[in-house]
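> I would like the atomic coordinates for the input below:
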Amino acid sequence: MKTRVIASELVRVARLLRGFKVEITPQYVKKVKLQFAKDIRALEKTINSPEDAAKSAPKWKRLRTVYEKFFYEWILRDHMRELSRGKPAAELGYLENKLQETAWLLVIELRSYELETDPWEDFDKIKKKFFSRLKRRARVAFADAMELAEVQPQTIDFAGQVEVGSFTLVPETAGVTPEEMRSVAKMVESAAGQIKRAGFGKAVQKSMVIQVTTLSKAGLVAAEYMPEKDEMRVRPLGRSDTTIIHEFGHRYYYRIMSAGQRAQWDAVYEGDVFEIQKEDIDLIFSLIDRQHDERLNDRVENALRQYEKVSRDPLAKLKTKQLIFGWLWREEDAEKALKKLRGFWEDQIGEPVMKNEISDYGNTKAEEAFAEAFLHAVIGKRLPSMVDYWLRRVTGT
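Predicted coordinates:
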């Protein structure tokens, strides 16, 4: 079992443990490298337009911070501090200087995230060029980091665990600083207070271990609740009150609600879900072909309005709300643009959408719908009346 996992298990078993150390080995570097590749692939798949790039900028910034920490806190902590204090680079080792250069190039690449800044240049070319250069920098930087770990392994202290009410926050990976632990502790304390005031106090009554990690997870996962262990894991993208409240919603769903209550909520969710079908897309595109407006956006918008009128589907208006097309004005080739639009819309075929929608994430499955409804209720964000009714009825709040 790897050192990090052993240390994590020791914390769970012995709550009095206040700190431990982890050795940065080539195997550890390899694991971070694989995680980096997964995170970048996940982002690359979701960014298909300048609008996507703009929306993903905050997530990109948080992700960038994680890997800056890896290179400058985990691998070169002491050396970078010495350099910043004016120590000559010649007094450092060859590998440290080499990694300093290649790591800087990677970090600069991560910081140059500007895919949304030039709407007149072909976006696919910008995206391909950016990610190719980023992956190339990463291969070199991680290779140097691996070499340094082989010849000069470092041992890093974990931050000590923190107690917050009935919760124990423990660092799960190397590099978690005391400042980060205190920051997450404040978020947990704030989240627990809001949950109590909203009438869902049972979710925060019993003790629980909350793991704090510096590693991200593919798919931009911010945090996780593990019902089989009754534990929570907070990742770098999950450092916010709202994310933690959402995860406590999962705890309420699995630990506080009975099997009967969960079945009742699941049945309500299933009855409130619809899906866009291929027949819908085909009908809309047949209507687009009949339009003669000069602007492509106008042609699509008029076709959607006609679809709502001619379709016998009572959910037609709800379906058209899911079909986004605002980016079409950037496209010069109408035929190419419509082909891209059809592909984009067809990707949504079969995806569940709630009639009384809470959020995009809440559409994915019943337990996520509950956690999102729980979050909205706690922070006072307005819920669709039907969702609010069933949330109160199922939970008895």
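
> residue ranges for the strands of the protein, please.
For the chain, the strands defined by DSSP state E occupy 21-24, 154-157, 162-164, 167-171, 208-212, 223-226, 231-234, 273-275, 352-354.

> weakest of these in terms of mean pLDDT?
Out of the strands of the chain, strand 154-157 stands lowest, with a mean of 57 (criterion: mean pLDDT).

> what's the domain layout of the protein?
Domain assignment for the chain, taken from automatic domain parsing, gives 21-157, 273-354.

> So the closest residue to L315 other than its chain neighbours versus T177, what's the distance?
Leaving aside its chain neighbours, L315 sits nearest to F274 (5.1 Å; criterion: Cβ to Cβ, 6 or more residues apart in numbering). Every residue, glycine included, has its C-beta placed from N, CA and C. Computed as Cβ to Cβ, to the nearest Å, the F274 to T177 distance reads 46 Å.

> And for Q322?
42 Å.

> same thing with K202?
Distance, K202 to T177, by Cβ to Cβ: 33 Å.

> Hmm, I195 is touching A203, no?
Yes. Here I195 reaches A203: they are 5.5 Å apart, a contact under Cβ atoms under 8 Å.

> Go through stretch 275-289 and flag the buried ones.
By neighbour count on 16 or more other Cβ atoms under 10 Å, the buried set for stretch 275-289 is 276, 280-281, 283-285, 287-288.

> Now do the same contact list for E372.
Listed by Cβ atoms under 8 Å, 6 or more residues apart in numbering, the contact partners of E372 are 246, 249, 358-359, 361-362.

> just curious, which of those residues is nearest to D122?
Closest to D122 out of the contacts of E372 is Y361 (31.3 Å), distances taken as Cβ to Cβ.

> Can you give me the neighbour number for that closest one?
Y361 has 13 neighbouring residues, counting by other Cβ atoms under 10 Å.

> surely it meets E367?
No. Between Y361 and E367 there is no contact under Cβ under 8 Å: 11.1 Å.

> how close does E180 sit to R239?
On the measure of Cβ to Cβ, E180 and R239 end up 8 Å apart.

> scratch that, L169
From L169 to R239 the distance is 12 Å (Cβ to Cβ).

> between the two, which one's more packed in?
More crowded of L169 and R239, by other Cβ under 10 Å: L169, with 27 against 18.

> Residues in a beta bridge with that one, which ones?
Note on L169: beta-bridge partners by DSSP bridges are V162, I210.

> ok, now which ones touch it?
Neighbouring residues of L169 by Cβ under 8 Å, 6+ apart: 161-163, 181, 184-185, 188, 210-212.

> at 10 Å instead, please
By Cβ atoms under 10 Å, 6 or more residues apart in numbering, L169 lies in contact with 11, 159-163, 176, 180-182, 184-185, 187-188, 208-212, 232, 234.

> Can you select the buried ones among those residues for me in ChimeraX?
Here is the ChimeraX command that selects the buried residues among the contacts of L169 (16+ other Cβ under 10 Å):
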select :11,159,161,162,176,180,181,184,185,187,188,208,209,210,211,212,232,234
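
> for the stretch 151-300 of the chain, what are the low-confidence residue spans?
152-160, 173-175, 218-220, 273 (pLDDT under 70).

> Would you state the helices of it in chain order?
For the stretch 151-300 of the chain, the helices defined by DSSP state H, counting those that start in this stretch occupy 178-197, 241-251, 259-271, 278-288, 296-310.

> Can I get the first one in PDB, CA atoms only?
Same thing as helix 178-197. Output of helix 178-197 as PDB, limited to C-alpha atoms (Å, rounded to 0.1, in the frame of the first residue of the first chain):
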ATOM      1  CA  PRO A 178      -2.200  24.800   7.500                       C
ATOM      2  CA  GLU A 179      -3.700  27.800   5.800                       C
ATOM      3  CA  GLU A 180      -5.600  25.600   3.400                       C
ATOM      4  CA  MET A 181      -6.900  23.400   6.300                       C
ATOM      5  CA  ARG A 182      -8.000  26.500   8.200                       C
ATOM      6  CA  SER A 183      -9.700  27.900   5.000                       C
ATOM      7  CA  VAL A 184     -11.700  24.600   4.500                       C
ATOM      8  CA  ALA A 185     -12.500  24.500   8.200                       C
ATOM      9  CA  LYS A 186     -14.100  27.900   7.900                       C
ATOM     10  CA  MET A 187     -16.100  26.800   4.900                       C
ATOM     11  CA  VAL A 188     -17.300  23.700   6.700                       C
ATOM     12  CA  GLU A 189     -18.300  25.700   9.800                       C
ATOM     13  CA  SER A 190     -20.200  28.200   7.600                       C
ATOM     14  CA  ALA A 191     -21.900  25.500   5.700                       C
ATOM     15  CA  ALA A 192     -23.000  23.700   8.900                       C
ATOM     16  CA  GLY A 193     -24.400  26.900  10.300                       C
ATOM     17  CA  GLN A 194     -26.400  27.600   7.200                       C
ATOM     18  CA  ILE A 195     -27.800  24.000   7.100                       C
ATOM     19  CA  LYS A 196     -28.900  24.200  10.700                       C
ATOM     20  CA  ARG A 197     -30.700  27.500  10.200                       C
END
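
> Packing partners of it?
strand 162-164, strand 167-171, strand 208-212, strand 231-234, helix 241-251, helix 366-379 (3 or more Cβ pairs under 10 Å, 6 or more residues apart in numbering; DSSP states H and E).

> Likewise for the last one?
Helix 296-310 is packed against helix 278-288, helix 316-322, helix 334-346, with contacts defined by 3+ Cβ pairs under 10 Å, 6+ apart.

> so what secondary structure elements neighbour the first one?
Looking back up the chat, that one is helix 278-288. Packing partners of helix 278-288 (3+ Cβ pairs under 10 Å, 6+ apart): helix 296-310, helix 316-322, helix 334-346.

> CA atoms of the first one as PDB?
Presented in PDB, the C-alpha positions along helix 296-310 are these (Å, rounded to 0.1, in the frame of the first residue of the first chain):
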ATOM      1  CA  LEU A 296     -28.300  32.200 -39.600                       C
ATOM      2  CA  ASN A 297     -29.300  33.000 -36.000                       C
ATOM      3  CA  ASP A 298     -32.700  34.300 -37.200                       C
ATOM      4  CA  ARG A 299     -33.300  31.300 -39.300                       C
ATOM      5  CA  VAL A 300     -32.700  28.900 -36.300                       C
ATOM      6  CA  GLU A 301     -34.700  31.100 -33.900                       C
ATOM      7  CA  ASN A 302     -37.700  31.200 -36.300                       C
ATOM      8  CA  ALA A 303     -37.500  27.500 -36.800                       C
ATOM      9  CA  LEU A 304     -37.600  26.800 -33.100                       C
ATOM     10  CA  ARG A 305     -40.700  29.100 -32.700                       C
ATOM     11  CA  GLN A 306     -42.400  27.200 -35.500                       C
ATOM     12  CA  TYR A 307     -41.500  23.900 -33.900                       C
ATOM     13  CA  GLU A 308     -43.200  24.900 -30.700                       C
ATOM     14  CA  LYS A 309     -46.400  25.600 -32.800                       C
ATOM     15  CA  VAL A 310     -46.500  22.600 -35.100                       C
END
